[in-house]
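Asker: Just to be clear, the model below is a prediction. Sequence and coordinates:
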Number of protein chains: 2
Amino acid sequence: MEGQHPIKPGSKEFAHLFPTGTSSDTEETVPTGSPSSTRPPIDYVIVFKFPTKGKEREKLQSEAQNQFDILITKLNRVGLSYQVQTDRRTQGTLLVLVTCPIFVLSEELKRERIRDFLLGIRASEFDNDEDEKKDIFISNVHELTEAERLRIVYEMLTETEAEGGANISPEVDPYVDSIFPLHNDQFNKEWIRTWSKKSLINDQDLNKIRNQFGEKIAFYFAFLQNYLIWLAAPSSIGFFITLFGLKSLSIWYSITMLIWSVVFIEMWKRREQTLALQWDVRHCSKHEKQRLEFKGDRMIRDEVTGEEVPYCPAWKIFARRAMSFPGVAVGALFLSVIVGCVFVLQLFLHEYYTGPFRQVLHYAPTIGYVLLIPTMSGIYSSWVKLLNNWEMHKTESSWEYHYTQKIFIANFLVAYLSLFFIGWVYIPFGDHVLPYLTELNISHSHTKVDFNRLRGQLIYFIVTGQVIGFATEMLLPYAMNLLLPKVKKMAHKKKKSKGKNSESSSSSSSEEEVTQEENKNGIECRLDPKLLKKIYRQVDLPEYNIYTDYVEMVIQFGYVSMFSTVWPLTAFCCMINNWIELRGDAVKICKYTRRPIPYRAEGVGPWIGNMETLVWLSSITMASFAYLFHPSTNIHSPYTPIFTILAILLSEHLYLFIRSVIRSSLNALPSWSDIMIRKSELRMKKVWLQRLVGGDATTTSGQIKKRALDAANSDSPSITVYDTSQIIRNAFKKE
Amino acid sequence: MEGQHPIKPGSKEFAHLFPTGTSSDTEETVPTGSPSSTRPPIDYVIVFKFPTKGKEREKLQSEAQNQFDILITKLNRVGLSYQVQTDRRTQGTLLVLVTCPIFVLSEELKRERIRDFLLGIRASEFDNDEDEKKDIFISNVHELTEAERLRIVYEMLTETEAEGGANISPEVDPYVDSIFPLHNDQFNKEWIRTWSKKSLINDQDLNKIRNQFGEKIAFYFAFLQNYLIWLAAPSSIGFFITLFGLKSLSIWYSITMLIWSVVFIEMWKRREQTLALQWDVRHCSKHEKQRLEFKGDRMIRDEVTGEEVPYCPAWKIFARRAMSFPGVAVGALFLSVIVGCVFVLQLFLHEYYTGPFRQVLHYAPTIGYVLLIPTMSGIYSSWVKLLNNWEMHKTESSWEYHYTQKIFIANFLVAYLSLFFIGWVYIPFGDHVLPYLTELNISHSHTKVDFNRLRGQLIYFIVTGQVIGFATEMLLPYAMNLLLPKVKKMAHKKKKSKGKNSESSSSSSSEEEVTQEENKNGIECRLDPKLLKKIYRQVDLPEYNIYTDYVEMVIQFGYVSMFSTVWPLTAFCCMINNWIELRGDAVKICKYTRRPIPYRAEGVGPWIGNMETLVWLSSITMASFAYLFHPSTNIHSPYTPIFTILAILLSEHLYLFIRSVIRSSLNALPSWSDIMIRKSELRMKKVWLQRLVGGDATTTSGQIKKRALDAANSDSPSITVYDTSQIIRNAFKKE
């Protein structure tokens, strides 16, 4: 694949990661023969945190000692080298800087490639006829991309012992706080620089992201870019409608949006396939990482691979899944009530309330949206995480899928519940509330509920919501980054002056002193202060959470597909937002989060299913709105609900029809990736055949369908002609 | 696979097909070295029909001569040998008895196996470690099943020249009337004998059918047997309900039926996969046979295989498909009108008519169903065949798929239209007709339209329909078989006596004479009169049409899933019918049709989609009936249509929910075939790896996931412990 320039570990790009001081006894495990230029960089930082304050200090110390020994033993076992650095800013924190020696990595890569081949992930590599042996198994470590290298080391660190890994993870080791790789500042700077200048992100750029951060992150950016471009269509239609003052709620606009949504999803599926093929990650989800937490009832031999795997009867898992349904329902209900309360408050304050502090109270609901709802969503998340763990998922991907779905429910409720409420309950039945308000002696300035209320709420979500989202995502961490160090410094100064006054003479008075003092123990390394500072800074950052970014986009897609009939400029606003979002996310990853672990991925995963659900719902919302808010509809007639339901029934069938037509049309057109896959399969099989039957098969397989036209043709046909003519003549004679 | 006893061409089972007389010059193409015991049987009979009567006899004769020469040349080219036999019963008919010599078949089989491997059909054969070369390419002709042998020869006969075939087919050669293989009477007798004694057909029996008639026919029987067993559940429920006089229209019964239908279809999909794997036909639909009729705009090189293929731009094909829609719609409308008329007539005569000839006219509609509707369906069929040809399908499978769908529409209308009409129009609105009848002075004895009218019609279809179906399928051909020869003999006698009186002395006076006379020409063979009689009999039989058998079953499935709430004994009646049908179809294939060409198939193909559509519809019918005919429902209330629609809306969503739950549950349980496929893939890849990297890979691939635990472990860990303790101690000291 062109456009894929792997960064060589020995080259300058890695220089930033090299420990410049003399290293410890871990150097022993590095082969002495390796040239100094290829000295491996720091691959991962393991944050080891243990309690130092408590009643029984002796016990705590021996426990910490014990756990640390386990960690070190695990690292030794898989052949990873490491340096230990005490975090001088916080008590009881050690930073274990893990490095994978080249020869270990090379061995590991070889195994990984074989496994990938067995799973059908990297079939493309095996089909070049000449010198295959060399190509495949000389696992050239120097040609690895950073992402690949880090992924392999991560697998070594985290896989279970049965799979041959070190089995280190916060879930298993109580004092292991986190594991993360270090940022490549050079790359990050370059990334932000180029993207801030470009208007469109191309495949080349995505490839770079893939090589640096892995396919999972690259797929997110690919999706975002693709979605951004696709938004151009509804944006321009919406713009046109607004410009000429046309009706946006018309049936034709709804149907156009429905078709657009379906085509967008189907085309993205194709794009996903193409990228997966280009990035050599097709079928990579087949390599399902076993969940460390899954223990099962007993161990059994896997029928296919013959390995020992934990086993749990299917009925037990089914039962647990079935039982977790009500749990999720309760959580969703709880969240719905919260969202409903905030919304009713907002409605009341905006529409009815005329009492004192009207101006100030106007902003109360927004504060609710910004503070209360995220907190409640957090509670819901922890609750469903608990449920999800209880469901006993065998693989990480299954766990992730089900967790994503549960989280999506929360986001769905927060984003759309109030809009559904306005459209389907408040506008049709809202006027019935007024008498009660009067009865309760609440003064209100309300006149008439109409369609504009829905539009207002949508605009509020699209514009205010996205501005708030941007602020919390970008500006808040920026401000924190600016302020926090100052605050810390001040706190540190205070502490220092306090410490000086106290009796502890052995405690460190300044960072430099500590460094000198600690050099006595052989295991601790002397790191370049610059590098150390960098590591400290990254330890403090939060982990990057790709869910939230996907959720944001998918929820936004829902606004466009479900509600853009209400306000045709929705798509346009979203497009602008996404242009900024694309760059903002790049900055976020580079500056405000730790470097993500470069997982592989075949696509955007469960989000595509969620988007399909949203499109389905959009057939319901658009049909009902198109009927309910049509000028000729008397919304208060008793027949309205009935006709609305009829409209929904029709629209849903229309949606299913459109989808099946589009799918079957697209299936009839083979995509680039289909052709490439078929090509590589055929080539691979031909190579195989050649090996099986020797040289002569090449011609056979090359012309498999041509039958020899020789012998039969060389026969002189004259004899046959004579004979047949005899027969035919007979037939005519007989008459 | 056990239970698969291939019939050896040299063995006794084939004896019935061996020409006993001396053969013609075609013997030249048979290698003299081949032992006489392996002399190949007659594989196919090509019926060559040409006109002998007309104005320009000279011209006709030369044209027939010409066409016959072309046919012979084609046969020679692919290396097939043949014997020509004049059909002495009809003027201008030649029977070309085609035989594939062993060495040609062997070459062909080799090519076929390579192609199958390239398409991934028979991967299972390539993965046994020892002596692969021998296993694969010694294409052991003597171990071929009859079905395989016939399929290969058929492909030689019919494939285009580009694909290396002889390109013989009724579509290309104007005088080629048909091509068919001969029955194996021994097998057929045995088949009917065993099945008539058995109550259940097992895998062994299906395997035998597969080996004799090919996978396509075998899948039909497998489906029928599977369906028969599955019917046991609704049958017993229905029986129970009838016995205890429970309400059949209850919601619970409807939901049970919905779940049953969904589970049945999903389980059949699994069974299909398993059978496809056992029968080595997985992915065989990938080998798409090019349609001879597809010419395209120009020839292009296929991107994958590099072969020359006809090409037509996609938009052109899309346009044609889109335009054929209205054509089908017109056809369907025409048929609907016919069905509607017959139905209204039936309704009128049964329910309202009290005039003269009442008793006789009662049977008029049944006559309509038996005579008029099949004729009209025939017209519709020819019309959609025309449309389907116009749609320019590239492959036979695509053509077949679309044709099946169109045919299914006709059958759907004939089978269900009147039931829909009764349930949704006649019962709710039927009473409004009465005043008009009175106005028109038509005396009627009608009192009240109710639910029993629907039940009556359903019982009519289930019982009368199936009896009529059985009669036309089985008894009619039986009667014809008995009577026709007598009629013919009489006709022949008359002719003979006439012929004697006429002046033609050269004409044959008796069959024996002709045989003697014609032995003069070298090309004609002297066949055993018994064999000749057998061939004559089979030439007269119609071709076996698997569509009609599938249609019958799928339509019946529709009655069970859509309407069994109306009459719970539906499933029971169908079960009895199918038990007979299973055996009846065996008899039909053996006695009343030509031997079918043993096509391969991966499953029942488009019918599964049709059944899914029927289940969807069943969610609509059952919900509406459950509401409409509920005792508490006032069917004449103006609100009834509205609530019916609401019930349908709910029920459809319930159906989709049930389906998704069942599907995802089943997906979570890997089937036997999934495991087998994964196993064989893994084994295949391991073999490959072994060949690529040599011996040492065996251990690598065997233990790919286990990392070496040696070096790191042998290091004495004591040094590390010392160092770590130092660090931990420091952490606690510093406080």
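Answerer: Looks like it arrived, so ask away. Residues are numbered from 1 along each chain as shown, chains lettered A, B, ... in the order given.
Asker: Where does A:Val342 sit, in terms of helix or strand?
Answerer: helix A:314-347 (DSSP states H and E).
Asker: packing partners for that helix?
Answerer: Packed against helix A:314-347 by the contact rule (3 or more C-beta pairs under 8 Å, 6 or more residues apart in numbering or on different chains; DSSP states H and E) you find helix A:364-367, helix A:373-390, helix A:396-421, helix B:640-668. (Each C-beta comes from the backbone N, C-alpha and C, glycine too.)
Asker: residues of that helix that come out buried?
Answerer: With burial defined by 16 or more other C-beta atoms under 10 Å in any protein chain shown, the residues of helix A:314-347 counted as buried are A:317, A:321, A:324, A:327-328, A:331-332, A:335-336, A:338-339, A:342-343, A:346-347.
Asker: between the residues you listed, which is nearest chain B?
Answerer: Of all these, the one sitting nearest chain B is A:Ile317; the distance, using C-beta to the nearest C-beta, is 7.6 Å.
Asker: doesn't A:Lys55 fall inside a strand?
Answerer: No - remark: A:Lys55 does not belong to a strand; assigned using DSSP: H, G, I helix; E, B strand; the rest coil, it is coil.
Asker: need the strands for the stretch 151-300 of chain A, in chain order.
Answerer: Counting by DSSP state E, counting those that start in this stretch, the stretch 151-300 of chain A has strands at residues A:176-180, A:298-301.
Asker: which one of those has the lowest average pLDDT?
Answerer: Least confidently modelled of the strands of the stretch 151-300 of chain A is strand A:298-301, at a mean of 82 by mean pLDDT.
Asker: what distance separates the helix or strand just after that strand from the centre of its chain?
Answerer: From strand A:298-301 onward toward the C-terminus, using DSSP H and E, the following helix or strand is strand A:308-311. Mean C-alpha position of strand A:308-311 versus that of the full chain (C-alpha atoms, centre = their mean, to the nearest Å) differs by 28 Å.
Asker: And the most centrally placed residue in chain A, how close does it get to chain B?
Answerer: Centroid-nearest residue in chain A, with C-alpha atoms, centre = their mean: A:Ile546, separated by 4.6 Å. With the distance defined as C-beta to the nearest C-beta, to the nearest Å, A:Ile546 ends up 24 Å from chain B.
Asker: Who are the contact partners of that residue?
Answerer: Residues in contact with A:Ile546, defined by C-beta atoms under 8 Å, 6 or more residues apart in numbering or on different chains, are A:Lys216, A:Ile217, A:Tyr220, A:Pro596.
Asker: In CSV, list those residues along with distance to chain B and neighbour count.
Answerer: Converted to CSV, the contacts of A:Ile546 look like this (distance: C-beta to the nearest C-beta, whole Å; neighbours: other C-beta atoms under 10 Å in any protein chain shown):
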residue, distance to chain B, neighbour count
A:Lys216, 22, 22
A:Ile217, 26, 25
A:Tyr220, 26, 22
A:Pro596, 25, 19
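Asker: and the helix or strand containing A:Ser680, what's its mean pLDDT?
Answerer: Take DSSP H and E as the rule and A:Ser680 turns out to sit in helix A:672-693. Across helix A:672-693, the average pLDDT comes to 72.
Asker: Apart from its chain neighbours, what residue comes closest to A:Thr158?
Answerer: A:Ser169 (5.2 Å; C-beta to C-beta, 6 or more residues apart in numbering or on different chains).
Asker: Quick check: the gap between that neighbour and A:Ile179.
Answerer: When C-beta to C-beta, to the nearest Å is applied, the distance between A:Ser169 and A:Ile179 equals 7 Å.
Asker: Overlap of the contact sets of these two?
Answerer: Counting by C-beta under 8 Å, 6+ apart, the residues touching both A:Ser169 and A:Ile179 are A:Leu157, A:Thr158.
Asker: sorry, back to before: wait, which of the buried residues of helix A:314-347 is closest to B:Phe408?
Answerer: The closest of the buried residues of helix A:314-347 to B:Phe408 turns out to be A:Arg321 (C-beta to C-beta; 37.5 Å).
Asker: Which residues are in contact with the nearest residue to that closest one once chain neighbours are set aside?
Answerer: Nearest residue to A:Arg321 in three dimensions, chain neighbours excluded: A:Glu391, at 5.4 Å (C-beta to C-beta, 6+ apart). With contacts defined as C-beta under 8 Å, 6+ apart, A:Glu391 is in contact with A:Ile317, A:Arg320, A:Arg321, A:Ser324, A:His402.
Asker: try it again with 10 Å
Answerer: Under the criterion of C-beta atoms under 10 Å, 6 or more residues apart in numbering or on different chains, the contact partners of A:Glu391 comprise A:Ile317, A:Arg320, A:Arg321, A:Ala322, A:Met323, A:Ser324, A:Gly327, A:Ser398, A:Trp399, A:His402, A:Tyr403, A:Lys406.
Asker: Would you format these as TSV with pLDDT and distance to A:Leu292 included?
Answerer: Formatted as TSV, the contacts of A:Glu391 follow (pLDDT from 0 to 100; distance: C-beta to C-beta, whole Å):
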residue	pLDDT	distance to A:Leu292
A:Ile317	86	17
A:Arg320	89	18
A:Arg321	88	20
A:Ala322	88	25
A:Met323	90	23
A:Ser324	91	20
A:Gly327	93	23
A:Ser398	86	14
A:Trp399	88	11
A:His402	91	17
A:Tyr403	90	16
A:Lys406	92	21
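Asker: still on that earlier bit, wait, the residue nearest to A:Thr158 touches A:Val176, no?
Answerer: Yes - with contact defined as C-beta atoms under 10 Å, A:Ser169 counts as touching A:Val176 (6.8 Å).
Asker: Which one of these two is surrounded by more residues?
Answerer: Shown here are A:Ser169 and A:Val176; by other C-beta atoms under 10 Å in any protein chain shown, A:Val176 has more neighbours (22 against 18).
Asker: What are the neighbouring residues in contact with that one?
Answerer: Shown here is A:Val176, whose contacts under the criterion C-beta under 10 Å, 6+ apart are A:46-50, A:67-68, A:70-71, A:74, A:96, A:168-170.
Asker: could you dump stretch A:272-283 to PDB, C-alpha only?
Answerer: Coordinates of each C-alpha in stretch A:272-283 appear next as PDB, following Å, rounded to 0.1, in the frame of the first residue of the first chain:
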ATOM      1  CA  GLU A 272     -15.400   0.600   5.600                       C
ATOM      2  CA  GLN A 273     -14.700  -2.600   3.700                       C
ATOM      3  CA  THR A 274     -12.300  -0.900   1.400                       C
ATOM      4  CA  LEU A 275     -10.400   0.700   4.200                       C
ATOM      5  CA  ALA A 276     -10.300  -2.600   6.100                       C
ATOM      6  CA  LEU A 277      -8.800  -4.200   3.100                       C
ATOM      7  CA  GLN A 278      -6.300  -1.400   2.500                       C
ATOM      8  CA  TRP A 279      -5.300  -1.500   6.200                       C
ATOM      9  CA  ASP A 280      -5.000  -5.300   6.300                       C
ATOM     10  CA  VAL A 281      -7.500  -5.700   9.100                       C
ATOM     11  CA  ARG A 282     -10.200  -7.600   7.300                       C
ATOM     12  CA  HIS A 283     -11.600 -10.300   9.700                       C
END
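Asker: Fine by me, we can end here.
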